[in-house]
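Engineer: got a predicted structure plus its sequence, pasted below:
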Amino acid sequence: MTCADLGAGSGSVANWMSRRVGETGQVDAYDLDTSLLPMRENIKHITADVATCNFRLPYDLVFARFLLVHLPEPVLQLNRMVSATTPEGRVCVVESDYHDWEMPAGLPHMERLKRAYLQVAADFGWDVELGRRLPALFQSLGLHDVAAESFSRCERGGSIGNLLLSQSVEPLENHLLNTGVVSEDDVRSAYKTLRDPDYLMRFVTTWACWGTVPYKPRETSQAR
Ligand SMILES: C[S@@+](CC[C@H](N)C(=O)[O-])C[C@H]1O[C@@H](n2cnc3c(N)ncnc32)[C@H](O)[C@@H]1O
């Protein structure tokens, strides 16, 4: 079995795939930066821009988690994923939906952080409701057996999720300040809140959607 993990990051999913496909299978892990990927016999590290590269193989499974929202024209990218998948193969995408993101009550700096974050996302052209749109998009691209699930949860400051959120704020700090919605003090206080177990925050909703690429009979000369 051949799998592709697009925007594989530190490779937690590629690693899981590698165990599932075993010695006879192949996992191609694509990322702009492949330095964090695990070294395993059946994981190939491919340093590439998945928005424009030629995919190495046709795959039985093409997967992307928390990637499409950051790419220009996510629908086009989804189409490229479908094209890289063998007939009867699967495409699976995991994405967030920021619609239900809730900050703890009574903390105006967190509300301002959220507003600034959503403004930066809009400036970058991120579709912050992509998660909920996935099932309809999969169907519009002709995939069959489309199914999806979603979940959201509340976590205390200091949890892995809140630390990851804090890490995703750091590289955006200048952009957040440039919105004029948050101050440097707000951002510093937000980092503290995200580490403070007294506060409970409701995360963005995570959606997972999958579908099967239809089998297309090869055209014969008679059929043409
Ligand atoms: C939020 S991380 C998600 C990592 C991984 N999929 C996960 O769920 O743990 C997004 C990853 O996508 C990669 N990425 C972003 N744009 C990319 C592009 N155009 N081509 C390849 N990788 C890209 C980043 O380098 C980063 O590793």
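Structural biologist: Perfect, I can see it now.

Engineer: measure the spatially closest residue to residue 123 that is not a sequence neighbour to residue 122 for me?
Structural biologist: Once flanking residues are discounted, residue 123 sits nearest to residue 175: 7.3 Å by Cβ to Cβ, 6 or more residues apart in numbering. The way it works is simple: take the backbone N, C-alpha and C, and place the C-beta from them, glycine included. As judged by Cβ to Cβ, to the nearest Å, residue 175 and residue 122 stand 11 Å apart.

Engineer: so between those two, which is more surrounded?
Structural biologist: The residue with more neighbours, out of residue 175 and residue 122, is residue 175; 15 against 12, by other Cβ atoms under 10 Å.

Engineer: next, that one: secondary structure please.
Structural biologist: Here residue 175 is recorded as helix under DSSP: H, G, I helix; E, B strand; the rest coil.

Engineer: I'd guessed it sits against residue 121; true?
Structural biologist: No. Checked against Cβ atoms under 8 Å, the pair residue 175 and residue 121 is beyond contact range at 9.7 Å.

Engineer: overlap in contacts of residue 175 and residue 122?
Structural biologist: Among the neighbours of residue 175, none is also in contact with residue 122 (Cβ atoms under 8 Å, 6 or more residues apart in numbering).

Engineer: is any residue of the strand or helix carrying residue 138 near the ligand?
Structural biologist: With elements taken from DSSP states H and E, the one containing residue 138 is helix 130-140. No. Contact of helix 130-140 with the ligand (Cβ under 6 Å from any ligand atom) is absent, the minimum separation being 13.1 Å.

Engineer: which strands and helices sit next to that helix?
Structural biologist: Judged by 3 or more Cβ pairs under 8 Å, 6 or more residues apart in numbering; DSSP states H and E, helix 130-140 is in contact with helix 74-83, strand 85-97, strand 144-151, strand 205-212.

Engineer: other SSEs contacting the third one?
Structural biologist: Contacting strand 144-151 under the criterion 3+ Cβ pairs under 8 Å, 6+ apart are the following elements: helix 130-140, strand 205-212.

Engineer: give me the contact list for the last one.
Structural biologist: Strand 205-212 is touched from outside by 88-97, 99-100, 131-132, 134-135, 138-139, 143-152, with contacts defined as Cβ under 8 Å, 6+ apart.

Engineer: re the thing from before, as TSV, the helices and strands packed on strand 144-151 with mean pLDDT and mean neighbour count would be great.
Structural biologist: Formatted as TSV, the helices and strands packed on strand 144-151 follow (pLDDT from 0 to 100; neighbours: other Cβ atoms under 10 Å):
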stretch	mean pLDDT	mean neighbour count
helix 130-140	95	19
strand 205-212	96	20
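
Engineer: would you mark the buried spots in the least confident helix or strand in the chain by mean pLDDT?
Structural biologist: Every helix and strand of the chain was ranked by mean pLDDT, DSSP states H and E. The lowest is helix 160-169, at a mean of 86. By 16 or more other Cβ atoms under 10 Å, the buried positions in helix 160-169 come out as 161, 162, 165, 166, 169.
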